[in-house]
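Student: Need coordinates for the below:
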Amino acid sequence: MCAAAVPKGRILVVDDDRLVLATLTHGLAQAGYEVIDADNGDDAILLAREHKPDLALLDIRMEGKSGFDVAAYLREYCQMPFMFLSAFSDDATVAQVKALGAVAYLVKPLDIRQIVPAVEAAFAGMGRRGAREAVPFQRSEGAHGEAGNDPLAHVVSIAVGLVMHRYSLSRAQALEKLRRLAEADARSLEDSCEQLLAAMERLALVGGTGP
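Tutor: Numbers count the residues shown, from 1 in each chain. Below is the predicted model:
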């Protein structure tokens, strides 16, 4: 039996949007990282203390503790590098990001294929300086309207994440479940996942709580 691949590193991902959280978790895991996820600041701090990840990827605006609150705690008590992922890029937000000492500031919308290189750059910087030392700040703007940000480009990743959360499955089990559904409907995997997400969006519009 082949030995399991050693993860590139352990990442804590925090976002109160479950679609975004599922996409990031799946995409970073596919890229070879061990991922721990939380949808609120309080859980993020508990998980950081328990699992001691190498890097945290934080949404900024969340109910309860904000990403800034979490980052301040990680810096003060865990000496843990962190980067922000946010839809806000005003001067005040950027100034606070820099003041907190973030290694990167990624502005939504961003495809997972844009996020992974930023994460890899952060790990490369930590490797040169030591796992808990600062790395240079980098800012990346989302490229609105480009093909790389087409939501269909990662529709399968989103669907996999949702099925994982909904049915408490592993990534491999969720992907297999979606493949069987696509085969039963005589659709491509991408088309089947798109139909699934469209149905879930319709449920949300009529008062559903989501997966």
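
Student: got the contact list for Val160?
Tutor: Residues in contact with Val160 (CB atoms under 8 Å, 6 or more residues apart in numbering) are Ala22, His26, Arg171, Ala174, Leu175, Leu178. For the C-beta atoms, the positions are set from N, CA and C on the backbone; glycine is no exception.

Student: can you list contacts of the helix or strand where Ala72 lies?
Tutor: If you go by DSSP states H and E, Ala72 is part of helix 67-73. Contacts to helix 67-73, defined as CB under 8 Å, 6+ apart, come from residues 14, 41, 44-45, 48, 56, 58-61, 82, 84, 86, 96, 100, 102.

Student: Can you pull the phi/psi pair for Phe82?
Tutor: phi -150, psi 160 (degrees, to the nearest 10).

Student: burial count for it?
Tutor: Neighbour count of Phe82, defined by other CB atoms under 10 Å: 26.

Student: and the closest residue to it other than its chain neighbours, what element?
Tutor: In this structure, Phe82 finds its nearest non-sequential neighbour in Ala56, 4.1 Å apart by CB to CB, 6 or more residues apart in numbering. Element membership for Ala56 (DSSP H and E) is strand 55-59.

Student: re earlier: please give me every residue in contact with the residue nearest to Phe82.
Tutor: Neighbours of Ala56 in contact, by CB under 8 Å, 6+ apart: 11-14, 44, 48, 70-71, 74, 80-83.

Student: starting at the chain centroid, how far to the strand holding Ala56?
Tutor: Its chain's average C-alpha position is 8 Å from that of strand 55-59, according to CA atoms, centre = their mean, to the nearest Å.

Student: Stretch 75-85 too?
Tutor: 16 Å.

Student: And the average pLDDT for that stretch is what?
Tutor: Average pLDDT, stretch 75-85: 91.

Student: repeat for stretch 111-129
Tutor: Per-residue scores along stretch 111-129 average to 74.

Student: buried set for it?
Tutor: Asp111, Ile112, Gln114, Ile115, Val116, Ala118, Val119, Ala121, Ala122, Phe123, Gly125, Met126 (16 or more other CB atoms under 10 Å).

Student: show me what contacts the residue most central in space within the chain?
Tutor: Centroid-nearest residue in the chain: Leu24, 2.7 Å away (criterion: CA atoms, centre = their mean). Under the criterion of CB under 8 Å, 6+ apart, the contact list for Leu24 reads Val13, Asp15, Val35, Asp37, Leu57, Leu85, Ile112, Ile115.

Student: out of these, which are inside helices?
Tutor: Per DSSP state H, helices hold the following members of those: Ile112, Ile115.

Student: quick check, nearest of the contacts of Leu24 to Ala198?
Tutor: For the contacts of Leu24, the minimum distance to Ala198 (CB to CB) is 20.5 Å, reached by Ile112.

Student: what about that closest one, distance to Gly125?
Tutor: 20 Å (CB to CB, to the nearest Å).

Student: and what of Arg180?
Tutor: Relative to Gly125, and taking CB to CB, Arg180 is found at 42 Å.
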